[in-house]
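**Student:** Got a sequence here, can you model it:
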Amino acid sequence: MAKGYWIGRVDVNNDEGYKPYAIANGPIFKKWGGRFVVRAGKFTAVEGASRNRNVVIEFPDYETALACYNSPEYQANIKVRQPHSVADLIIIEGYDGPQPQDG
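**Tutor:** Just a heads-up that it's a prediction; the model follows:
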């Protein structure tokens, strides 16, 4: 079964106001089996527009990723984030099919 992912791009305009949101996410993501794959690391935007932070969170499957987003806990936490940032977020199903072969 393919994993599910959140792919987020965020511009934070108030680091201190954003911190409570980031701290509260830990227990929420843990409850739903989420884990950070990318968390605001170094990046180079080679095409298109970018934001100053990028995040990829992996979940056991697409349905769990959606359930986490729609959970009362996360919906309440969004309200903490919104005054302090602008975000783009998609929830996407991973790919379990054939991969390119060498040679």
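**Student:** Relative to the whole chain's centre, how far out is the longest helix belonging to the chain?
**Tutor:** Across the chain, the longest stretch assigned as helix under DSSP state H is helix 15-31. Put simply, helix 15-31 sits 12 Å off its chain's centre (C-alpha atoms, centre = their mean, to the nearest Å).
**Student:** Pull out the buried residues from that helix.
**Tutor:** Residues 18, 21-22, 24-25, 28-29 are the ones in helix 15-31 that count as buried (16 or more other C-beta atoms under 10 Å). Placement of C-beta: from N, CA and C, glycine included.
**Student:** and the helix or strand following it, what other elements does it pack with?
**Tutor:** Next in sequence after helix 15-31, counting helices and strands by DSSP states H and E, comes strand 35-39. Counting contacts by 3 or more C-beta pairs under 8 Å, 6 or more residues apart in numbering; DSSP states H and E, strand 35-39 packs against strand 53-59.
**Student:** May I have the strand it packs on exported as CSV, CA atoms only?
**Tutor:** Written as CSV, here are the backbone C-alpha positions of strand 53-59 (Å, rounded to 0.1, in the frame of the first residue of the first chain):
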residue,chain,number,x,y,z
ARG,A,53,10.2,26.7,4.4
ASN,A,54,9.4,23.3,2.9
VAL,A,55,8.0,20.3,4.8
VAL,A,56,7.2,16.7,3.7
ILE,A,57,5.4,14.5,6.3
GLU,A,58,4.9,10.8,5.6
PHE,A,59,1.9,8.9,6.9
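**Student:** and Val55, how many neighbours does it have?
**Tutor:** Counted by other C-beta atoms under 10 Å, the residues lying close to Val55 total 19.
**Student:** what's across from it in the sheet?
**Tutor:** Gly8, Arg39 (DSSP bridges).
**Student:** which parts of the helix or strand hosting Tyr69 are buried?
**Tutor:** Here Tyr69, judged by DSSP H and E, is contained in helix 62-70. Buried positions in helix 62-70, judged by neighbour count with 16+ other C-beta under 10 Å: 62, 65-66, 68-69.
**Student:** With that, I have no additional questions.
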